[in-house]
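Enquirer: model this:
(chains A, B and C, ligands or ions: 2)
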Amino acid sequence: MRTDPAGTRPAGRADPARRGPTPTRVLRAEWTKLVSVRSNAWLALGTVAATAVTASGLGLFVRPEDGRSGSWVVTSGFVVAQVGFLVLGALVGTSEHTTGTARTTFAAVPRRLLVLAGQVGVTAAAALVTALVALGASYLATSPARAGDAPALDPSVPGASRALLGFVVASVAVALLGLGLGALLRRPADTIVGGLVLLVVGDQLLAANPGRLTDTVRALLPSSGARLLQDDAALAALDAATLGPRLGVWGGGAVVGAWVLVVLGAAAYRLRRHDLR
Amino acid sequence: MSAATTGPHHSRVASTPAPGPTLGRVVAAEWTKLTSLRSPWWVAAVTVVVTGATAYLAAQASSSDPGYQPLGDLTVGLVLAQLGALVLGVLMGTGEFRTGAFRTTFAVVPRRWTVLGAQTLVMAAFALLMGVLATAASVLGILPAARSRGIALDLTAGDTPGVLLGMVLLVVGLALLGQAVGALLRRTVPALVTTLGLVVVLPLVLGLASDPLLTGGDPASLPLAEEVTGTTVLGTLEALTPLAAGFLMTEPASATPVAGAPDLGPVGGGLVLAAWVVVLLVAAAARLRARDVR
Amino acid sequence: MIEVEALTKRYGRAAAVDGLTFTARPGTVTGFLGPNGAGKSTTMRVVVGLERPTSGTARVDGRRYADLPAPMRAVGVMLDARSVHPGRTAHKHLLAMAQTHGIGRARVREVLEQTGLEPVAHRRAGTFSLGMGQRLGIAGALLGDAATLVLDEPVNGLDPDGVLWVRRLVRELAAEGRTVLLSSHLMHELALCADRVVVIGRGRLLADAPVQEVVARSERAGVVRVRTSDPQPLARELLAAGADVAPQEGGALHVRGATVDDVGTAARRCGATVLELGAESGTLEEAYLQLTRDAVEYRTADDREGAR
Ligand SMILES: Nc1ncnc2c1ncn2[C@@H]1O[C@H](COP(=O)(O)OP(=O)(O)OP(=O)(O)O)[C@@H](O)[C@H]1O
Ligand SMILES: [Mg+2]
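Expert: Ligands and ions are numbered 1, 2, ... in the order given. As a prediction, the model looks like this:
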């Protein structure tokens, strides 16, 4: 705390404008809360490790004739990584409510949306860092595979560098989706199961019964965000196979972005309107 | 609030024949505990409804196919029912530890294995109820489509009774799997992530390894699928995951195994799932014994 | 009867309980005292078998808790109030406890009535206020009608009515010949209802004695306070008689080593008008604060200032 230079007034009585919670202060407080819980660090570390291990394991099974690209080999750990990012967001969104911290937090910062915004900021930042590290780790972990049978990472392949960037963007989006669902549902079990249905199981279920309706619904699920990880050739193949709308290059990103906005909006509405216990 | 005073009750209590906790009594207590919560009922209700609705929608969609087989859509709803079973199990397995209620439980019954055994039995019984209802909902779900095509459903013929039994047992097995992981890890989020990772994500990863078409492989560039003969490492691993093994129980006994997978059959699949449950429960029991509960 | 012998419990390297020995006997209320983090709850958790001692033993009626044939009928336990699933109603919580020992529903209703929880018996415990949760904990401890009771801060959060009720309840339980081990931070309350106190600090035993004996150890015990119109001559007179005299605010004197009679006589001898005269009695609180002065783990800033 800063005291006034003359030392005549006690610190607590400083200029009113300096006393209250500002967006930056809330952001810093949320960051402190995020990094001070040991399980979050373990979660990030576990996500990185699981992503790299999965990518290197899958890399071993890639044959040159599969038609998979080098960028797919590097980013193939996303199937596991997305669970980690979902849980990260879900923990940030629900922990206030499961631990009773909400009472402290919202007593200190009654403008609840400011807190939610702060949580969005720190979740995005944490997911971004984790995703970059996971991507780097996957790159290193798959280098033996790429030196062997799997295709090399070739930036001149159309969409290859976009696919690497897409890994990071999709990871952040999944984390924010988890945060929104968590703040909306307030219970980690509901959040994780709901998120997994939206990201994995729904897609699986619909993929088993291809048709116009099911493919359309599939395209509109947030699992479409995984398209951000595909290079141009793979996207073209996906669009050729679907009976529903063809999402093109950015459609998948737009779908998951819309989901994030809608879910966060619903969470904000609930936060403003409903009691906190 | 007013409070009356206590009186001595020694005489009444002392005359009871067997004073301590027996397995039967602990089972009764655990049943009271499970059924007095709202969440298991909610999970069960949602699971049953979603299972039936999925079967209904799938049957409606496929009933226009020329070679429509109503019973083919019977197990579709289980893809979501499995989640309900797992969540139910995890919530019940971690519930005591998450809330602190375990202090009461283990202070009252210090023989912790008795408690774990009773919880497992009660979980199995409740999951059995849920499994029967979910299976019934699946049958109800495919009825309208079958009727609209004028096909009579015979649930007693051929492999169908076995499939129905397998569906129920799959729900029970997955609920017990969730409960065992919950009792082992004691915290909801790690237990849930572990269970869902094991059941949902692991098969997905193994599937990616064996089938390039799942994400973005270009079908044109693939060589013609060679006939897979015998078992492959990936196929075996896949068949031994809890989900794939459990789903074998819902396959007709006469079904041919998936390419590359060992021929376990419904019974073999059930045994693999049971082995997962037993190993995890033993680990949970060992942890209960070796570690303090706080 | 609870016998704790050379009990040590470590979490990692830190010892929460360190070589603790004491006995809680039938027919007595044993108050269990100590600063925050002293190890009271840990000791109680070890006694009821939730945690294993690192070394030493804790026995109830001569046996390990886990070896009791019917634990709930031997020991009534109330630990943390958070030992209830928040989604379960009070009635079902108690019923499930009762079922483990074949105790009937009638007894469940009885304890609900006894603790005043009847009107809220079918509400979920998660919606209870602090005091209601506390009453539910006490109800659980009473359920088995046990000969030994272990109560961790039972009056914490109770209304004055409830505090009075608990005081009477534990006195009655002890009068019926039961063993009551009860921890509390409310010294006035303990002074009223405990027969013995066991005081611990940083996991070690600081005192184990009847309440009167502990109170008598307080600095103020045996002091005579006198206020007169003219303190100086009286002080000289008393010093000459071999007593210790400490002047207080407002012309009062605290005299040690003399009885009230001695001081009264001395005042008359030097012709002072006595305005106030009486024997000071120490309190359990003072005795406790002296005992634990060096064992307090979590000091407030004020304490630290004062210590300097
Ligand atoms: N599970 C645990 N892991 C690590 N340390 C613990 C654990 N439980 C208790 N402790 C430590 O053991 C010490 C004793 O704690 P305990 O709860 O027994 O104190 P207490 O006397 O009951 O305090 P209070 O008056 O605050 O209830 C404390 O320092 C505490 O931090
Ligand atoms: Mg305590």
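
Enquirer: stretch B:21-38 near chain C anywhere?
Expert: Yes - for stretch B:21-38, a contact with chain C is found by Cβ under 8 Å from any Cβ of the partner chain, at B:Pro21, B:Thr22, B:Arg25, B:Val26, B:Ala28, B:Ala29, B:Glu30, B:Thr32, B:Lys33, B:Ser36, B:Leu37, B:Arg38. C-beta here means a position set from N, CA and C on the backbone, and glycine is covered the same way.

Enquirer: how far off centre is that stretch?
Expert: 20 Å (Cα atoms, centre = their mean, to the nearest Å).

Enquirer: so what's residue 239 closest to, chain neighbours aside?
Expert: If you meant another chain, say so; for now it's chain A. Excluding the flanking residues, the one nearest A:Asp239 by Cβ to Cβ, 6 or more residues apart in numbering or on different chains is A:Arg246, at 4.1 Å.

Enquirer: I was after chain B.
Expert: Distances taken as Cβ to Cβ, 6+ apart place B:Ala261 nearest to B:Ala239, at 4.1 Å, with adjacent residues excluded.

Enquirer: so what's the most centrally placed residue in chain B up against?
Expert: Residue closest to the average C-alpha location in chain B (Cα atoms, centre = their mean): B:Leu174, at 2.1 Å. Counting by Cβ atoms under 8 Å, 6 or more residues apart in numbering or on different chains, B:Leu174 touches B:Gln82, B:Ala85, B:Leu86, B:Gly89, B:Ala127, B:Val199, B:Pro242, B:Leu243, B:Gly246, B:Leu273.

Enquirer: can you count the residues close to B:Asp73?
Expert: Other residues lying near B:Asp73 total 25 when counted by other Cβ atoms under 10 Å in any protein chain shown.

Enquirer: for the one 3 residues further on, same thing?
Expert: As a burial measure, B:Val76 scores 24 neighbours (other Cβ under 10 Å).

Enquirer: mind checking the backbone torsions on the nearest residue in space to C:Ala38 that is not next to it in sequence?
Expert: Excluding its sequence neighbours, the residue lying closest to C:Ala38 (Cβ to Cβ, 6+ apart) is C:Ile200, at 5.0 Å. Note on C:Ile200: its backbone torsions stand at phi -130, psi 160 [degrees, to the nearest 10].

Enquirer: from chain B, how far out is C:Ile200?
Expert: Note on C:Ile200: its distance to chain B, by Cβ to the nearest Cβ, to the nearest Å, is 19 Å.

Enquirer: now that residue, which residues is it bridged with?
Expert: According to DSSP bridges, the partner residues bridging C:Ile200 are C:Leu205.

Enquirer: pLDDT value on it, please?
Expert: pLDDT, C:Ile200: 94.

Enquirer: check the one 4 residues further on too.
Expert: We note a pLDDT of 93 for C:Arg204 in this prediction.

Enquirer: how close does it sit to C:Val245?
Expert: The span separating C:Arg204 from C:Val245 equals 36 Å under the rule Cβ to Cβ, to the nearest Å.

Enquirer: the more surrounded of the two?
Expert: C:Val245 (22 against 16).

Enquirer: list the residues that contact C:Gly278.
Expert: Taking Cβ under 8 Å, 6+ apart, one finds C:Val224, C:Arg225, C:Val260 in contact with C:Gly278.

Enquirer: hmm, the last one is touching C:Ala279, no?
Expert: Yes - counting by Cβ atoms under 8 Å, C:Val260 sits close enough to C:Ala279 to count as a contact (5.4 Å).

Enquirer: who touches both of these two?
Expert: C:Val224.

Enquirer: for residue 204, which non-adjacent residue is closest in space?
Expert: With no chain named, the answer covers chain A. Residue nearest to A:Gln204 in three dimensions, not counting chain neighbours: B:Val79, with 6.8 Å by Cβ to Cβ, 6+ apart.

Enquirer: wait, chain B was what I had in mind.
Expert: That would be A:Val79: by Cβ to Cβ, 6+ apart, it lies 5.7 Å from B:Leu204.

Enquirer: all helices in the chain, in order from the N-terminus.
Expert: No chain specified, so I'll use chain A. A:16-19, A:23-35, A:38-59, A:70-75, A:78-99, A:101-108, A:112-141, A:143-147, A:160-185, A:188-196, A:202-207, A:212-220, A:232-241, A:251-273 (DSSP state H).

Enquirer: if you could check chain B rather than the one you did, that'd help
Expert: For chain B, the helices defined by DSSP H occupy B:10-14, B:23-35, B:39-62, B:78-99, B:101-108, B:112-148, B:160-185, B:188-196, B:202-210, B:233-240, B:242-248, B:265-290.

Enquirer: between those, which gets nearest to C:Glu113?
Expert: C:Glu113 sits nearest to helix B:10-14 of all the helices of chain B, at 15.9 Å, using Cβ to Cβ.

Enquirer: what about the closest one, average pLDDT?
Expert: Rounded mean pLDDT across helix B:10-14 is 44.

Enquirer: quick one: the one residue in chain A that gets nearest to ligand 1 from A:Phe167, how far?
Expert: At 13.9 Å from ligand 1, A:Arg38 is the closest residue in chain A, using Cβ to the nearest ligand atom. Remark: distance between A:Arg38 and A:Phe167 (Cβ to Cβ) = 26 Å.

Enquirer: who has more neighbours out of the two?
Expert: A:Phe167 (25 against 8).

Enquirer: so that one touches A:Ala131, yeah?
Expert: Yes - here A:Phe167 reaches A:Ala131: they are 6.5 Å apart, a contact under Cβ under 8 Å.

Enquirer: identify the contacts common to the two.
Expert: Applying Cβ under 8 Å, 6+ apart, one finds that A:Phe167 and A:Ala131 are jointly contacted by A:Ala81.

Enquirer: residue contacts, B:Met142?
Expert: Residue B:142: Ile, not Met. B:Ala55, B:Tyr56, B:Ala59, B:Pro70, B:Leu71, B:Asp73, B:Leu74, B:Leu153.
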